[in-house]
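Undergrad: What shape does this take:
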Amino acid sequence: MLGGKLESHGEIMISHPAKIEDAGDGSISFLANPKYEKHVASCKASALIVSNNFSLQHAASMAIIRVEDPYLAFAKVLELFSISDEPAKGIEDPVFIHPEAKIGKDVYIGAFSYIGKGAVIADGALIYPQSYIGQQVHIGKNSILYAGVKVYHHCHIAEHCIIHSGAIIGADGFGFALGENDMFSKIPQTGHVVIEENVEIGANTCIDRAVIGATRIMANAKIDNLVQIAHNVEIGQNTAIAALAGISGSTKLGNSCLVGGQAGFAGHISIADGTKINAQSALIKSITKPGTAVSGSPAVPFRDNYRALAILNRLPELEKRIKELEAKSGKS
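TA: Purely as a prediction, here's the structure:
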């Protein structure tokens, strides 16, 4: 199943997955991060997944499975042991479904949900209780909206997406113009949100509708909990964004970017494909070179930031030396 190489003697029954430091008899674990190598010697797992080039320092008491990517391989193992609720079926009562809404086959709609005029719920979609689906919203085949998801009017969610509880798709973007007497006037947000196939969006994440056109989350993007995505933002394919990141309006993230937690983005900038952004970084200008790694506030190349931090940590020592030199200079 894993496409790996087995190093073992005899047959072993595996009953459950486990963390390497907690594993016991009958369990299977994995080693992907070098920080956990210290646990290998004391590991009590019956089987351990490691990389092809991992060198054991002693004879292993457990079965060893060598693979190219232990983390990905263990994800496949977890699929075998995953426990989920019984499949949800049918339309519960009470719900409101507008007569002009279109409901596909094998759809689940949980109690106290609202399905608006002209909405389309495609085959196999699951809408859990207390969800709101506005007018002309499209929910694609086999997509899952967990309890309490709100999707405003005219937004489009493609097939095989997962939207976790409390997420809000298509609320107005933060658009105001400062007019006479320093009074703010609201700028109508006339666009919508497009979420392409195989996107997963975490709990309590907000994705705002565009001023005009679309805020767009492209295929296979993965967005964590509590992320703010403003109007007219574009998130590229296979990009992953960790919790508490905030992306200002009209910013464009390329494909296969990795964004750390609490990272912040100024508006109207572009981020090149494959960019890696460290946690709590502040992006105030565009990144044009693909594969760049940045860190810090404001964000600079990763190595430059760490060199600056090293100097910063030495400032008390440097200040002391300067004062000593000034004192000697004054005496002379």
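Undergrad: From now on I want contacts and neighbour counts done on CA atoms only, so please keep to that.
TA: OK.
Undergrad: Please give the number of neighbouring residues around residue 85.
TA: Counted with other C-alpha atoms under 10 Å, the neighbours of residue 85 add up to 5.
Undergrad: try residue 324
TA: The tally of other residues near residue 324 (other C-alpha under 10 Å) stands at 12.
Undergrad: quick one, phi/psi of residue 241?
TA: Here the main-chain torsion angles of residue 241 (degrees, to the nearest 10) amount to phi -130, psi 120.
Undergrad: wait, it sits on residue 264?
TA: No - when contacts are counted by C-alpha atoms under 8 Å, residue 241 is not listed as touching residue 264 (11.0 Å).
Undergrad: Where does residue 303 sit: helix, strand or coil?
TA: Taken by DSSP: H, G, I helix; E, B strand; the rest coil, the conformation at residue 303 corresponds to helix.
Undergrad: Check the gap between it and residue 276 for me.
TA: For residue 303, the distance to residue 276 (C-alpha to C-alpha, to the nearest Å) stands at 13 Å.
Undergrad: Look at the two and report which has more neighbours.
TA: Remark: of residue 303 and residue 276, residue 276 carries more neighbours, 23 against 12, as counted by other C-alpha under 10 Å.
Undergrad: What confidence value was assigned to residue 61?
TA: In this prediction, residue 61 carries a pLDDT score of 80.
Undergrad: Can you give me the neighbour number for it?
TA: For residue 61, the number of neighbouring residues by other C-alpha under 10 Å comes to 16.
Undergrad: longest helix of the protein?
TA: Among all segments of the chain classified by DSSP state H, the helix with the greatest residue count is helix 315-331.
Undergrad: What residue spans form the domains of the protein?
TA: Here the domain assignment for the chain is 5-81, 96-304, based on automatic domain parsing.
Undergrad: least reliable of those domains going by mean pLDDT?
TA: Mean pLDDT is lowest for domain 5-81 out of the domains of the chain, coming in at a mean of 92.
Undergrad: Quick one: distance of that domain to the chain centre.
TA: A distance of 26 Å separates the C-alpha centroid of domain 5-81 from that of its chain, computed with C-alpha atoms, centre = their mean, to the nearest Å.
Undergrad: Where does residue 177 fall, secondary structure wise?
TA: For residue 177, the enclosing helix or strand under DSSP states H and E is strand 176-178.
Undergrad: Please name the strands paired to that strand in the sheet, noting orientation.
TA: Strand 176-178 sits in its sheet next to strand 184-186 (antiparallel), going by DSSP bridges.
Undergrad: Name every strand pairing with the next helix or strand after the strand it pairs with and say which way it goes.
TA: Under the assignment DSSP H and E, the closest C-terminal helix or strand after strand 184-186 is strand 192-195. In the sheet containing strand 192-195, its partner strands are strand 156-157 (parallel), strand 214-217 (parallel), by DSSP bridges.
Undergrad: No further questions, thank you.
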